[in-house]
Structures are given as structure tokens and as C-alpha cells.
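1. based on what follows, work out the 3D shape:
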Amino acid sequence: MKRKLWTLKFRTATLVLIPAAIGVNYLGKLFAQLLKLPLWLDSLGTCLAAAMAGAIVGGVNNLVYGVTVDPISTVYALTNIGIGIAVGVLAYFGFLDTIKKSLLSGLLVGLVCVAISTPLNMIFWGGTTGNIWGDGLFAVCMARNMPLWLSSALDEIIVDIPDKLVVLVMVYAIVKGIPKSVLNLYQSGEEITDLDKQ
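-> Sure, this is the predicted structure:
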């Protein structure tokens with residue numbers, strides 16, 4: 001199946017995918033907050049959109065999410081774009097085709113998030129992430145006089161790496177369950193006229 005990596009041509013199916021992915025992001029974040037999980041789960045929709053429709057769609061999804069649903073997340077616009085691009089590129093090169101590759105992808109995307117978010121956490125929030133699990137580790141690190149940048153990075157690592165491992169495995173499972181005819185709406189340049197044909 002032919003996948004797209006970079007495209008600015010948004011077809012109707014892609015335009016419908018973006019608000020759906022925003023809703024998935026919102027529900028994931030709400031679920032994680034209510035249960036006080038050591039995860040974000042707020043990038044599931046973005047990762048799914050990027051895996052299905054390409055890197056640009058993943059990035060655009062999070063910009064729209066930040067402006068419309070969660071303005072605080074616009075602080076992390078660079079992180080969100082990084083997630084969308086990283087997942088789109090990994091999917092394009094087949095890194096979401098098996099469970100092992102999906103786990104590796106989760107690790108790589110998690111590291112991208114840590115690299116981009118840590119400086120933002122230090123600039124806007126004094127190094128914390130807002131997740132009670134990560135911020136607990138941050139407090140311990142600061143109490144032991146560890147450097148701020150290291151404490152903040154560890155705060156981000158303890159949340160982002162497990163989060164992206166879980167999210168990318170979920171994306172793998174979801175994409176594997178979607179019929180190829182539906183995936184072709186996003187990944188092929190051809191017009192699909194009959195969804196019953198595989």
C-alpha cells in the first residue's frame with residue numbers, strides 16, 4: 001500500500017479525521033487525568049492521524065487542538081508538531097507495521113518529546129510537567145540538589161516514554177484493525193469509490 005509522507009492536499013476524509021483525532025486526544029487526556037495515570041494519553045489522536053494520513057496531518061491536528069480545546073497546550077505546539085512529524089515519518093518507513101517496531105517507535109517519539117518539552121517546561125513551568133508522577137520525581141531530584149535541567153528531563157522522561165510506548169502500541173492495534181479500503185482513503189492518491197473492495 002502506498003503511503004504519503006508529506007502532503008498539503010487535504011481530502012474530505014482527511015478533514016474529517018482531524019476533528020475526530022482532536023476528540024480522541026481530549027478523551028485520552030481526560031481519562032488519564034481522572035484516573036491520575038502516570039501517562040498523558042493526549043496524543044493518541046495525533047499519532048493515529050499521522051500514521052493514517054501523514055506527518056503534516058499529525059502536526060496540524062495538534063495545532064487545531066491547542067487553539068480550540070486546550071489553549072495551555074499551545075505552549076507545547078513545537079512538541080505536538082514533533083510528535084505528528086515523527087510518527088508520520090516512522091509510519092511511512094514501516095515502523096508501525098509490527099508490535100516490536102511500534103515499541104521502538106514509541107521510544108523514539110518519547111525521546112523527541114523529552115528533547116522538545118524539557119526546555120519548554122523550564123521556561124514556562126519552572127521545570128515541572130503538571131503530571132503528579134513526574135513532578136514527584138522532579139521534587140525528589142531537586143531535594144537532592146540535582147541540576148534543574150536534569151530534574152526536568154527526568155520528570156519528562158518518566159511520563160513521556162511510557163506514554164508514547166502505550167500510545168504507539170494502541171495506534172498499531174487500531175490501524176491493524178481498520179480495513180485496507182478505509183486506510184486507502186488516507187494513504188493512497190487514488191479516489192476510492194467502493195469501500196467494500198479490499
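2. so residue 41 touches residue 166, yeah?
-> Yes - assessed by Cβ atoms under 8 Å, residue 41 is found in contact with residue 166 at 7.4 Å. In short, each C-beta sits where N, CA and C put it, glycine included.
3. more neighbours: these two, which one.
-> Per other Cβ atoms under 10 Å, whichever of residue 41 and residue 166 has more neighbours is residue 41, with 21 against 18.
4. phi and psi next, for the more buried one.
-> Phi and psi for residue 41, reported as degrees, to the nearest 10, are phi 60, psi 20.
5. let me see the contact set for it.
-> 28, 29, 31, 32, 163, 166, 167 (Cβ atoms under 8 Å, 6 or more residues apart in numbering).
6. with respect to residue 90, which of these is nearest?
-> residue 167 (12.4 Å; Cβ to Cβ).
7. isn't the closest one up against residue 107?
-> No - using Cβ under 8 Å as the test, residue 167 is too far from residue 107 to be in contact (11.7 Å).
8. related to what we said a few turns ago, farthest pair in the contacts of residue 41?
-> Top of the distance list for the contacts of residue 41 (Cβ to Cβ): 29 and 166, 13.4 Å.
9. ok, and the closest non-adjacent residue to the most centrally placed residue in the chain?
-> Nearest residue to the geometric centre of the chain (Cα atoms, centre = their mean): residue 43, 3.5 Å. Of all residues not flanking residue 43 in the chain, residue 83 sits nearest, at 5.2 Å (Cβ to Cβ, 6 or more residues apart in numbering).
10. how much space between the one you found and residue 60?
-> 12 Å (Cβ to Cβ, to the nearest Å).
11. again with residue 20
-> Applying Cβ to Cβ to residue 20 and residue 60 gives a distance of 13 Å.
12. rewinding a little: gap between the residue nearest to residue 43 and residue 146?
-> The value you get for residue 83 to residue 146, if Cβ to Cβ is used, is 27 Å.
13. neighbour count winner among these two?
-> Higher neighbour count among residue 83 and residue 146: residue 83, with 29 against 15, using other Cβ under 10 Å.
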